[in-house]
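Undergrad: I would like the atomic coordinates for the input below:
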Amino acid sequence: MNSVPPASSELILIGAGPGDPELITVKAWKALQRADIILYDHLANTALLEMARPGCERICVGKRPYQAAITQEEIHQLIRQKAAKGGMIIRLKGGDPFIFGRGFEEVLFARQLGLRVTYIPGITSMQTAGLLDIPLTHRAISESIWIVTGTKKDGSLSADLRLALQSKATVVIYMGMKKLPEIAALYRDEGAAGMPAAIIQHGSWTCQRVAVGTAGSLVELAAMQELSHPAIIVIGEVVGLGAAAEQKSHRTVSLFQLPPAAII
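TA: Okay, the predicted model is just below:
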């Protein structure tokens with residue numbers, strides 16, 4: 001195998017979006033049509049693979065949460081192997097690759113190999129909250145957004161979460177389903193157990209599920225509705241806005257009137 005990839009080799013890192021294939025960008029769609037190889041994650045909708053030209057090689061390199069799977073180093077070596085043959089390699093990652101997606105690790109590795117690298121952003125999963133009448137910001141209610149990982153590299157909960165809940169910010173937690181007891185306990189300890197909260201599973205997919213309750217009851221909320229990963233957790237006063245608007249229009253009751261949790 002050549003130590004230096006052919007000049008024709010390039011890597012395009014693409015955000016596949018949250019799930020609905022129509023939410024991918026036009027630029028990403030055009031790149032997929034020119035791909036020689038697509039390395040895709042399990043969170044990327046496989047319908048996107050149908051956009052590729054005939055003869056394009058498609059390889060799943062998904063890392064499923066909390067399960068044994070292909071390692072990041074193995075993905076790097078696969079990029080090396082495919083780059084040695086030349087052509088366009090598409091790295092298709094769910095959501096946006098630069099938001100808890102390890103995308104930049106692959107960019108750095110590809111550049112070390114001498115590859116040309118292009119990054120095409122994707123819609124990240126927290127934006128699916130808007131599909132369910134949960135705006136991430138709202139004037140006079142939420143002054144900012146904190147995006148926090150629920151599980152750090154060492155397996156612990158991020159200390160930034162305690163800082164986030166001191167503000168009026170909307171808090172969005174990625175990869176936090178295994179940390180629900182710790183998250184709920186933290187909000188109770190800080191006197192914010194009643195803060196509105198939502199768990200959104202498979203946001204934008206046809207199988208999306210959403211449960212709404214409070215931060216202090218996240219564990220019970222997930223258990224009652226049998227919610228698991230992949231999911232995001234949204235905590236803040238904005239969670240109740242959609243329900244309040246529905247109640248005011250008399251189209252339905254507020255989710256906060258349904259004890260102890262509601263599901264959409």
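
Undergrad: what sits against the nearest residue to residue 151 once chain neighbours are set aside?
TA: Nearest residue to residue 151, sequence neighbours excluded (C-beta to C-beta, 6 or more residues apart in numbering): residue 175, at 4.9 Å. Bear in mind the C-beta positions are built from the backbone N, C-alpha and C, glycine included. Residues near residue 175 by C-beta atoms under 8 Å, 6 or more residues apart in numbering: 65, 100, 149, 150, 151, 229.

Undergrad: Check residue 115 too.
TA: 5, 9, 10, 11, 83, 89.

Undergrad: now do residue 51
TA: Listed by C-beta under 8 Å, 6+ apart, the contact partners of residue 51 are 29, 32, 33.

Undergrad: ok, residue 83 - how many residues close by?
TA: 24 (other C-beta atoms under 10 Å).

Undergrad: Pull up the per-residue confidence for it.
TA: Looking at residue 83, its pLDDT reads 95.

Undergrad: got it, and the one 4 residues further on?
TA: The model reports residue 87 with a pLDDT of 94.

Undergrad: next one: phi and psi at the residue nearest to it when sequence neighbours are not counted?
TA: Counting by C-beta to C-beta, 6+ apart, residue 36 is the residue found nearest to residue 87 once chain neighbours are left out, at 3.5 Å. For residue 36, the backbone dihedrals (degrees, to the nearest 10) come out as phi -90, psi -30.

Undergrad: Next, count neighbours for residue 36.
TA: Neighbour tally, residue 36, other C-beta under 10 Å: 19.

Undergrad: any idea how far it lies from residue 151?
TA: Noted for residue 36: a distance of 35 Å to residue 151, by C-beta to C-beta, to the nearest Å.

Undergrad: Low-confidence stretches in the stretch 51-200 of the chain?
TA: 64-68 (pLDDT under 70).

Undergrad: In it, mark out all the strands, start to finish.
TA: 57-60, 88-93, 116-120, 145-149, 170-174, 196-201 (DSSP state E, counting those that start in this stretch).

Undergrad: from the chain's centre, how far out does the shortest one sit?
TA: Going by C-alpha atoms, centre = their mean, to the nearest Å, the spacing between the C-alpha centre of strand 57-60 and its chain's C-alpha centre is 21 Å.

Undergrad: Give the helix, strand or coil label for residue 238.
TA: helix (DSSP: H, G, I helix; E, B strand; the rest coil).

Undergrad: Would you mind giving me the confidence score for it?
TA: pLDDT at residue 238 comes out at 96.

Undergrad: The one 5 residues further on now?
TA: Each residue has a pLDDT score; the one for residue 243 is 59.

Undergrad: which ones are touching residue 44?
TA: Applying C-beta under 8 Å, 6+ apart, the residues near residue 44 are 16, 62, 92, 93, 94.

Undergrad: again, only this time at 7 Å
TA: 16, 92, 93, 94 (C-beta atoms under 7 Å, 6 or more residues apart in numbering).

Undergrad: Can I get those residues in a markdown table including distance to residue 165 and neighbour count?
TA: Putting these into a markdown table (distance: C-beta to C-beta, whole Å; neighbours: other C-beta atoms under 10 Å) gives the following:
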| residue | distance to residue 165 | neighbour count |
| --- | --- | --- |
| 16 | 31 | 28 |
| 92 | 34 | 31 |
| 93 | 29 | 24 |
| 94 | 27 | 22 |
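
Undergrad: Look up how far residue 96 lies from the residue nearest the centre of the chain.
TA: Closest to where the C-alpha atoms of the chain average out (C-alpha atoms, centre = their mean) is residue 125, at 4.0 Å. Per C-beta to C-beta, residue 125 is found 9 Å from residue 96.
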